[in-house]
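Undergrad: Everything below, folded, please.
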Amino acid sequence: MKITEVANKLNISQRAIRFYEEKGLISPFKQANNQYRTFTEKEVWRLQTIISLREAGMTIENIKRALSQVDNLDQEELQYYLEIQRSVIFSQWLEFKQIIETTDNMIELLKQKNSLPINDIFLLAEGSKRLRENRKNWKDKWNFDHQAITHDEHVSKNSSKYKDYEEAINITVQWVAPRVGERGLDIGTGTGNLAGKFMDKGIQMAGIDQSKEMLKQCHRKYPQMELKLGNFLAIPYLDGQFNFIATTFALHHISNEQKLLALEEMRRVLKPHGRICITDLMFENETKKELYIKDLHQQGKTDLVRTIQNEYYSISSSILNWFDENGYITKHRQLNELLNIVYAVPIR
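TA: Residues are numbered from 1 along each chain as shown. Model prediction:
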């Protein structure tokens, strides 16, 4: 098939086809005598794939990586690149959603006050900007991809950070009290230890994690589980998808301000009356945190101090206040000096 035929068939320009060739994405056969390009069915399929990925917003560099996985028959890696793209698109969708909500607020202000005071515009714009930055500023400074292969072993041996781990997971499942036919989401699923407990009860579970290696380990343990690349700040699902959300030992990897955004995201993807269970390392308030760190210093436990200061242990009173202000009733239990479980059900 000649370049003119391919361009007509795929409804793109010959110039675009040559551009993809220059970038090394395609390599059609060239006749020795006149350098005319000849495209096989495989090359046409490859071009069609490139066009689709570009339409989805994927960069040339990422397309090149994705196609190399196709060539190597590496389905797992190809899925990873597609998941990255899906995650990017979802973040962009959330930004547009936020812009629409800000605009709606401005319209409402205009209706109420018959004007749009500059201070109100400033506050709305600042709020919108802060939310956007919170979504974009999160980084995996703990390198969970590197930790994935030894994660379960680390959990079983770590008597400080993962103290009472098994009991906490079992209580989380008990408090959620899932019913057959419900669909749950495990955020920061890691290797799927929590989700696995739900699936043992016949519950349909989905899991998200920002670490592709954690998701690989999870898939090997629970191949039937639905897994997506994502995080608390941009949950890669449309609104109203789940009956409950559960998360264990994960929320302390985002800042206190980001936690509030995460709670809004959880509520967004839950069905009406959807419930939330958060099991995490928490302090009651900032004063208790300071006293705890001071005590560790006095005991010479500087490694634990560094761990706490390198993470964002939740403040349980702030989380409970958010639930109270947003129409939830809560149940709260402290399992040890750091580990807490908060269960919330909306009453309106």
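
Undergrad: For the stretch 201-348 of the chain, just list every one of the helices.
TA: 212-221, 256-269, 286-298, 302-309, 316-325 (DSSP state H, counting those that start in this stretch).

Undergrad: want to try CSV for those helices, with mean pLDDT as columns?
TA: Shown next, in CSV, are the helices of the stretch 201-348 of the chain (pLDDT from 0 to 100):
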stretch, mean pLDDT
helix 212-221, 92
helix 256-269, 92
helix 286-298, 93
helix 302-309, 89
helix 316-325, 96
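
Undergrad: between those, which gets nearest to Met199?
TA: Judged by Cβ to Cβ, the one of the helices of the stretch 201-348 of the chain that comes nearest to Met199 is helix 212-221, at 10.3 Å. No exception for glycine: its C-beta is placed from N, CA and C like everyone else's.

Undergrad: List the buried residues of that closest one.
TA: 212-219 (16 or more other Cβ atoms under 10 Å).

Undergrad: Give me the neighbour count for Asn170.
TA: If you count neighbours by other Cβ atoms under 10 Å, Asn170 ends up with 12.

Undergrad: and what of the one 10 residues further on?
TA: Other residues within reach of Val180 by the criterion other Cβ under 10 Å amount to 8.

Undergrad: same thing with Ser156?
TA: 11.

Undergrad: related to what we said a few turns ago, can I get the helices of the stretch 201-348 of the chain in a markdown table including distance to Asn114?
TA: Listed next are those as a markdown table, based on distance: least, Cβ to Cβ, whole Å:
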| stretch | distance to Asn114 |
| --- | --- |
| helix 212-221 | 52 |
| helix 256-269 | 30 |
| helix 286-298 | 43 |
| helix 302-309 | 50 |
| helix 316-325 | 30 |
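
Undergrad: Select, out of the ones you listed, the one closest to Ile107.
TA: helix 256-269 (20.9 Å).

Undergrad: tell me the angle of that closest one relative to helix 286-298?
TA: Interaxial angle, helix 256-269 versus helix 286-298 (axes from the mean of the first three to the mean of the last three Cα atoms, to 10 degrees): 130 degrees.

Undergrad: before we move on, the earlier item: for Val180, which of the helices of the stretch 201-348 of the chain is the nearest?
TA: Using Cβ to Cβ as the measure, helix 256-269 is the one of the helices of the stretch 201-348 of the chain that comes nearest Val180, at 20.9 Å.

Undergrad: What lies in contact with that closest one?
TA: Contact with helix 256-269 is made by 130-131, 134-135, 138, 185, 187, 232-235, 237-242, 245, 251, 254, 274, 276, 312, 314-315, 318-319, 322-323, 326, as judged by Cβ atoms under 8 Å, 6 or more residues apart in numbering.

Undergrad: what's the neighbour count on Lys197?
TA: By other Cβ under 10 Å, the residues close to Lys197 number 22.

Undergrad: Need the pLDDT of it.
TA: Lys197 carries a pLDDT value of 97.

Undergrad: hmm, who's touching the helix or strand hosting it?
TA: Per DSSP states H and E, Lys197 falls inside helix 193-199. Identification of contacts with helix 193-199 by Cβ under 8 Å, 6+ apart yields 152, 155, 169-170, 172-173, 176, 178, 184, 186, 189, 205, 207, 218, 221-222, 224-225, 246-248.

Undergrad: if we go to 6 Å?
TA: 169, 173, 178, 184, 186, 189, 205, 207, 222, 248 (Cβ atoms under 6 Å, 6 or more residues apart in numbering).

Undergrad: from these, which ones fall inside strands?
TA: In this view, those that belong to strands under DSSP state E are 184, 186, 205, 207, 248.
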